[in-house]
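>>> Quick check, what structure comes out for this input:
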Amino acid sequence: MPNGTGVATYGLMLAQTLRSMGHQVEGVYGLDVTGPADQRETLFYDQLARPRPWRGRRKGLRRTLSTLGVAPGLRAIPVPTGTVDTRALGSRATAFDALWSSPYLFERAHAYFRATGRFARLRMRNPPDIMHWTYPVPVFLDGACNVYTLHDLVPLRLPFATLDEKRHYHALVAACVARADAVCTVSETSRCDIIELLATDPGKVINTYQISQIDKDILEEPTEESARKIEVTFGLPRDGYFLYFGAIEPKKNVGRLIEAYLSLGTDTPLIIVAGRAWQSEAELVLLPRSDDKASPRHAHLERRIIQIDYLPRHMLMRLVRGARALAFPSLCEGFGLPVHEAMLLGTPVLSSATGAVKEVAGEAALLVDPYDVAALTAALQRLDQDETLRRDLARRGALQAASFSSDRYAQALDNLYRRAQDKDA
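Residues are numbered from 1 along each chain as shown. A predicted model of the protein is given here:
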C-alpha cells in the first residue's frame, strides 16, 4: 500500500526472510494485467501505485458472479519482469523471485464467499509447495498447501473498534481456520484468541511472532548527525519530543493519549504521525481541524501537539530514534510493530499492559492500563522528567527487541510449513 501498513510490513519481511532461507518466493496479486505479456509489468506497477476501483457491487450479485466466472475457478497469469525501474519505490518494491496476478482476485473471492459461503479456487502453472496468504481471504491455491495468517481477532474482541461486518468476518475467519492446512499468527495472545473464539484445534495454530527491519543507515548514523537532520527537517531537538505513530482509529486509543498529554502541562511536544481516518474525529476532538486553526482556544495546542499525516519510512524511523519516548497505549494489538521498532532503535516505550503488546515489550517498557488516563499522565510525566529511567528503558528495550531475531523467525516459519505439509504432526 502506498503509505504502508502493519500488514504490508509483515508481507515484506516474510518474503525477505524466506528468500534469505534459500526458498524460491513468488508473489500473488489481484491486479488486472490482462493483455500482451510485454505490457504486464508496466500495468502491474501502474496499478500497484493506484489500483483501479472495484465496481462489482454496482451490478446484481448473481450477475457479477456469473460474469466473472468465479465458480469454476480463477487463474493467475505470470508477470514478466525486467522492464520497469523500481528503485524509486524503495522498500515498497516487490521482494519476490516471480510475480503473478489474477484480475480483482480478492474482490471476486469475497463476492463469491458472500453469496455461497465457499472459497474461490485459484489455479496457476506449476503451483508452489506452500501458498501463504498473509491475511484472511476466501481463496485457496489449487495444488498447494494453503496457510493463512490471522494477525488478531480484534473485530471480535473489540467489535466497536473496526468497520468489519461482524457476521461476515466471523464466517470468514472460521472458514479460513477450517480450510487451512495450518494457521499462522503473530503472538500467543492472538493464538489463544483463535483457539478459544473459533474452537480451533491448538495443534493447527502456530505462533511465529514477526520481525521488522531498520535500515543500517539509520541504526549506524552518528547521534550528532541524526540530531542535526531531525532539527533541520522537523525543527525538533533530539530527545525533545514524545511520539506516536500508527493509525488513528478507536483501538489505537489516541484520544486518551492526547487527554493524558494535555493534563501533563509539559513543554515537551507530542508528535502524532498518522492520518485522520474513520472515527478519528472522536479521537482528535481536542485538536483543531484544518479549517479551525484561527480559533484562539486552539492556539496553545499548535505549539504542543503536531500532527503529520504521513512520512516515508526512513524519515519516520529517524524521528522514532530521536524521540524522548514512544507513546503507544493501544487497546488491542496482534503484535505491536511500533513498540518493537522503537525498541530496535533504542527509544524508551510507554505502552499498554494488555495483550500482545505486553508480550512484545516484556519488562523493557513502561506499561499501564490503557483505559486509565491518570495512569497514562503519570507515566508520561516519569518519562519526561527521569533521564535515568529513559536510559534504562532504552537499554532493556534493545535487548528485548533482539529476542525477536531473524534466525528465530526463520526457524518458526520452517516449523509452520513442516506442520502444514504434515497435518498429522
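>>> Quick check: residue 12 touching residue 93?
No - using C-beta atoms under 8 Å, residue 12 is not in contact with residue 93; the gap is 9.4 Å. Yep, even glycine has a C-beta here, placed from its N, CA and C like the rest.
>>> Look at these two and report which has more neighbours.
More crowded of residue 12 and residue 93, by other C-beta atoms under 10 Å: residue 12, with 19 against 14.
>>> How much space separates the more buried one from residue 221?
As judged by C-beta to C-beta, to the nearest Å, residue 12 and residue 221 stand 22 Å apart.
>>> Check residue 22 too.
31 Å.
>>> Domain map for the protein?
Domain ranges of the chain: 6-212+406-421, 216-402, per automatic domain parsing.
>>> and those as CSV, adding mean pLDDT?
Below are the domains of the chain laid out as CSV (pLDDT from 0 to 100):
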stretch, mean pLDDT
domain 6-212+406-421, 90
domain 216-402, 88
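>>> Show me which of residue 22 and residue 221 is the more surrounded one.
Counting neighbours by other C-beta under 10 Å for residue 22 and for residue 221 shows that residue 221 has the greater number, 16 against 6.
>>> For residue 352, what are phi and psi?
phi -100, psi 140 (degrees, to the nearest 10).
>>> What residue, apart from its backbone neighbours, is nearest it spatially?
Nearest residue to residue 352, sequence neighbours excluded (C-beta to C-beta, 6 or more residues apart in numbering): residue 370, at 4.2 Å.
>>> what's the burial count for the residue lying closest to residue 365 once chain neighbours are set aside?
Closest residue to residue 365 apart from its sequence neighbours, by C-beta to C-beta, 6+ apart: residue 349 at 3.9 Å. Counted with other C-beta under 10 Å, the neighbours of residue 349 add up to 30.
>>> Over to the one 3 residues further on?
Residue crowding around residue 352 was assessed by other C-beta under 10 Å; the count is 25.
>>> ok, it to residue 246 distance?
13 Å.
>>> In CSV, list the C-alpha atoms belonging to the strand or helix carrying residue 176.
Element membership for residue 176, per DSSP states H and E: helix 166-179. Provided in CSV are the C-alpha atoms of helix 166-179 (Å, rounded to 0.1, in the frame of the first residue of the first chain):
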residue,chain,number,x,y,z
LYS,A,166,-19.1,-8.9,12.1
ARG,A,167,-21.2,-11.8,10.9
HIS,A,168,-19.3,-11.9,7.6
TYR,A,169,-16.0,-11.5,9.4
HIS,A,170,-16.7,-14.4,11.9
ALA,A,171,-17.8,-16.6,9.0
LEU,A,172,-14.6,-15.7,7.0
VAL,A,173,-12.0,-16.3,9.8
ALA,A,174,-13.8,-19.5,10.9
ALA,A,175,-13.7,-20.8,7.3
CYS,A,176,-10.0,-19.9,6.9
VAL,A,177,-9.3,-21.9,10.0
ALA,A,178,-11.3,-24.9,8.7
ARG,A,179,-9.8,-24.7,5.2
